[in-house]
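> Generate coordinates for the sequence data below:
(one chain, ligands or ions: 5)
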Amino acid sequence: MGLIDCLLVFLIACLALKSSFVLGSDPSPLQDFCVAIDESNHEAVYVNGKFCKNPKNVTADDFYLSGFDVPSNASNPFRSNTTLGTVDQIPGLNTLGISVFRADLKPKGIIPLHGHPRGSEIVIVMEGCLYVGFVTSDPNNQLMAKHLKPGDVFVFPPGLVHFLYNDGDTDAVVYAAANSQNPDITTARVFRNVPVEVLSKSFNAERKVIEEIIKGISIPLIRDLCVAINDLKDAVLVNGKLCKDPSLVTTNDFFLPGFDKPGNTSNAFGSGMTPATIDQIPGRNGQGISLVRIDFAPKGVLPMSYRGEGSQILLVMEGTLYVGFVTSDPANRLISKVLHKGDVYALPQGFPYVIYNVNHTCNAVAIVAINNQSPYFFSIKAIFGSEPTIAVEFLAKSFKLDEKEIEVALKQWKMDE
Ligand SMILES: *[C@@H]1O[C@H](CO)[C@@H](O)[C@H](O)[C@H]1NC(C)=O
Ligand SMILES: *[C@@H]1O[C@H](CO)[C@@H](O)[C@H](O)[C@H]1NC(C)=O
Ligand SMILES: *[C@@H]1O[C@H](CO)[C@@H](O)[C@H](O)[C@H]1NC(C)=O
Ligand SMILES: *[C@@H]1O[C@H](CO)[C@@H](O)[C@H](O)[C@H]1NC(C)=O
Ligand SMILES: *[C@@H]1O[C@H](CO)[C@@H](O)[C@H](O)[C@H]1NC(C)=O
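Numbering: from 1, shown residues only. Ligands and ions are numbered 1, 2, ... in the order given. Purely as a prediction, here's the structure:
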């Protein structure tokens, strides 16, 4: 089979799969968590068609994976390899709709054209130089490609065929997150069990048939790309959102540089956040995924926070971090762990969580992926720093504290601003 045919077959496969999973990402979980368990035993409960570990038996290790700082062995024909952090490696990711990957590419190494039928993907380059791109669906088949360097962030829309190629002279490392617990992958390999004769007869000779098939799988172009826009002049309305006219969309709508720069930690908490949400990358609109870089000074803390929508997956880049979340009433279990460089930890949607740099001398850095394009965020400041202030009497009753103690807390939060 010739190269062109191979690509064509592969594209058809992607389009076919894409059209059968139109929703893209995973549905939201309907309970606190459902830690996947292999078989039904007396400790398992059956929720939403899945066996879940009895919540009482769930531990921090169900949300944890180590070794993301270690390169994988890329001595293979593609000169690339991928380390997975999906529900298969982190059972706590079940129903959370997020996963994380590390890819290593030697010089001239490639992660060949592939698509993820169920997930948008966001990548951040840690080391080396990469040429990355994706192709929009028919009829335009526009190539959106870009040369990336360390600290650059790029997003691949769900289901669209994309590639990563190391065009530099040194090894490249990227981290990626997808808004599915297991985004699956579609490559030309989906046809590997089909006899070549059948494939060549089906696709090679009858070019017209192929064109018919592609035409038959009508995918509205606009669904590919809904790049958010503020100026109404060039906008179209898709799924209730204003989008940039697809013909005006460029690669830079999917790109954000500078994620290698530390955030400012000169504040009362000793932590600083650098977001890559829809506000920074308009092409993220409709893609349901974001990244945040959090820098910690020694003993710095991300105070108790809460994400209204969106599960998170955290990857420690540097240092040692204590990370914990509290489950809902009435159990209110603290599920926490001390994490080191290369460790991964999942934070289920909607639980208050805290991140603390336990080291007294060294900085720490974490990258957090969130399966929401503009995840809103509350911290304790929402309670004590609100404008106007919540009545001292209500706060005192809510926290079962003295009104004097509340007044001290309020003063403290106002001072920190
Ligand atoms: C699960 O927790 C129960 C008590 O809540 C305990 O008796 C049981 O041994 C635990 N099972 C496992 C596999 O840890
Ligand atoms: C990827 O790397 C892992 C760990 O280094 C290795 O076990 C595996 O064989 C590699 N896979 C490929 C396809 O090279
Ligand atoms: C990497 O994989 C190649 C091919 O499988 C093997 O020959 C080599 O020993 C491996 N290297 C390491 C460091 O494991
Ligand atoms: C960091 O933030 C502090 C407090 O807001 C400010 O004074 C300082 O100039 C900032 N530093 C940088 C490098 O932006
Ligand atoms: C902080 O990190 C340094 C370097 O890794 C280590 O030597 C030191 O023991 C750590 N200190 C604490 C309190 O964890």
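
> isn't there a helix covering residue 56?
Yes. According to DSSP: H, G, I helix; E, B strand; the rest coil, the state of residue 56 is that of a helix.

> pLDDT at it, what is it?
If you check residue 56, the pLDDT there is 81.

> Same check on residue 1?
Taking residue 1 on its own, its pLDDT is 38.

> Repeat that for residue 402.
According to the model, residue 402 scores 86 on pLDDT.

> what do you get for the one 10 residues further on?
At residue 412, the predicted lDDT confidence score is 77.

> Pretty sure it sits in a helix.
Yes. Note on residue 412: a helix contains this position according to three-state DSSP.

> what residues are up against it?
With contact set as CB atoms under 8 Å, 6 or more residues apart in numbering, residue 412 has these partners: residue 384. All C-beta atoms are positioned from the backbone trio N, CA, C, and that covers glycine.

> cool, and residue 251?
In this structure, residue 251 makes contact with 133, 144, 145, 146, judged by CB under 8 Å, 6+ apart.

> same thing with residue 252?
With contacts defined as CB under 8 Å, 6+ apart, residue 252 is in contact with residue 146.

> Distance-wise, check it relative to residue 144.
Using CB to CB, to the nearest Å, one obtains 9 Å as the distance from residue 252 to residue 144.

> ok, the contacts of residue 251 vs ligand 4, which is closest?
Relative to ligand 4, the closest of the contacts of residue 251 is residue 146; by CB to the nearest ligand atom it sits at 27.8 Å.

> How is the closest one assigned, secondary-structure-wise?
Three-state assignment for residue 146 (three-state DSSP): strand.

> and it, how far is that from residue 303?
If you go by CB to CB, the gap between residue 146 and residue 303 works out to 36 Å.

> Also residue 397?
Distance from residue 397 to residue 303, counting by CB to CB: 22 Å.

> taking the mean pLDDT, what do you get for the helix or strand encompassing residue 335?
Using DSSP states H and E, the element containing residue 335 is strand 334-339. Mean pLDDT, taken over the full extent of strand 334-339, equals 92.

> For that strand, buried residues please.
Under the neighbour-count criterion of 16 or more other CB atoms under 10 Å, strand 334-339 has 335, 336, 339 buried.

> What of stretch 65-84?
65, 68, 74, 79, 80, 81, 82, 83.

> tell me, how many neighbours does residue 396 end up with?
Per other CB atoms under 10 Å, the neighbour tally for residue 396 reads 16.

> for residue 354, that is, sorry about that
18.

> Can you point out the helix or strand that includes the residue nearest to it when sequence neighbours are not counted?
In space, not counting the residues next to it along the chain, residue 354 is nearest to residue 304; the distance is 5.0 Å by CB to CB, 6 or more residues apart in numbering. Taking DSSP H and E as the criterion, residue 304 maps to strand 301-307.

> And residue 406, by the same measure?
Going by DSSP H and E, residue 406 is in helix 403-415.

> Would you mind writing the CA trace of that helix as CSV?
Extracted as CSV, the C-alpha positions of helix 403-415 are listed here (Å, rounded to 0.1, in the frame of the first residue of the first chain):
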residue,chain,number,x,y,z
GLU,A,403,-16.4,36.6,66.7
LYS,A,404,-13.0,38.1,67.9
GLU,A,405,-11.1,35.3,66.2
ILE,A,406,-13.1,35.9,63.0
GLU,A,407,-12.3,39.6,63.1
VAL,A,408,-8.6,38.8,63.4
ALA,A,409,-8.8,36.5,60.4
LEU,A,410,-10.7,39.0,58.3
LYS,A,411,-8.1,41.7,59.1
GLN,A,412,-5.3,39.3,58.1
TRP,A,413,-6.9,38.5,54.8
LYS,A,414,-7.5,42.2,54.0
MET,A,415,-3.8,43.0,54.8
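
> Run the contact check for that helix versus ligand 4.
No. Contact between helix 403-415 and ligand 4 is absent, the nearest approach being 13.5 Å (criterion: CB under 6 Å from any ligand atom).

> Can you give me the buried ones in that helix?
Using 16+ other CB under 10 Å as the test for burial, helix 403-415 gives 406, 409, 410, 413.

> where in the stretch 201-350 of the chain is pLDDT low?
Within the stretch 201-350 of the chain, the stretches falling below the threshold (pLDDT under 70) are 201-243, 246, 278-279, 282-287, 308-309, 329-330.

> What residue in it comes nearest to ligand 5?
In the stretch 201-350 of the chain, the residue that lies nearest ligand 5 is residue 320 (5.9 Å; CB to the nearest ligand atom).

> Got phi/psi on that residue?
Geometry field for residue 320 lists phi and psi as phi -130, psi 120, criterion degrees, to the nearest 10.

> Now for it, how many residues are close by?
By the other CB under 10 Å criterion, the neighbourhood of residue 320 contains 17 residues.

> Show me the beta-bridge partners of residue 346.
Taking DSSP bridges as the rule, residue 346 bridges to residue 313.
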